[in-house]
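Student: Using only what follows, build the 3D model:
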Amino acid sequence: MTALSVTSDDLGSFLGVDVDEDRATFVLDLVMGEAATIVTPVPDGAKAVILSASARIYSNPTGVSQELIGPYQTSRAASNLLTKSERSSLRRAAGGGGAFMVDPLGIDGTETDTDYPSVRFP
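Tutor: Modelled structure (predicted):
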C-alpha cells in the first residue's frame, strides 16, 4: 500500500479557493499526523476524510460552531482535529472498525466437540 498524498492544491480544489500554500501544507500535515495515530499507513481511500477535516480546520481554525453578534456569544467545537465520525471513516477505509463475524464451525466446515453449536437457517 502506498502512502496517501494530499497536497495544498488538492485542498484548494476541494475548497474552491486559492489557499495559502504554507498554511494549507501545515494543516494537511497536522491532519495526516492525527490520522496516522488511528491507522497506519493512512489508506488511499481516506483522501476524502483528510480533505474534509483539513478544509474545516483551514476555513475555521478556531473551531467556532456558533456565533451570536449581540450580545456576543460563541461556541467552540471539540479540540480534536478529527471528529468521531472522521475517525470511524478512517478505520473503515483501512478495513477495520466495522462488524465482525465469528464462524462457529471448524476450519474444515464441520462441527467438533469444542465448537459452539451452530445455528442453521432454512
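
Student: just the helices in the protein please.
Tutor: 8-15, 21-36, 47-59, 84-93 (DSSP state H).

Student: angle of the first one against helix 21-36?
Tutor: Right, the one you point to is helix 8-15. 90 degrees (axes from the mean of the first three to the mean of the last three Cα atoms, to 10 degrees).

Student: can you list contacts of helix 8-15?
Tutor: With contacts defined as Cβ atoms under 8 Å, 6 or more residues apart in numbering, helix 8-15 is touched by 18-19, 21, 24-25, 27-28, 47, 51-52, 54-55, 58-59. Just so you know, the C-beta spots here come from the backbone N, C-alpha and C atoms, and that holds for glycine as well.

Student: Mind doing that once more with 6 Å?
Tutor: 18-19, 21, 24-25, 51, 54-55 (Cβ atoms under 6 Å, 6 or more residues apart in numbering).

Student: Many thanks, we can stop here.
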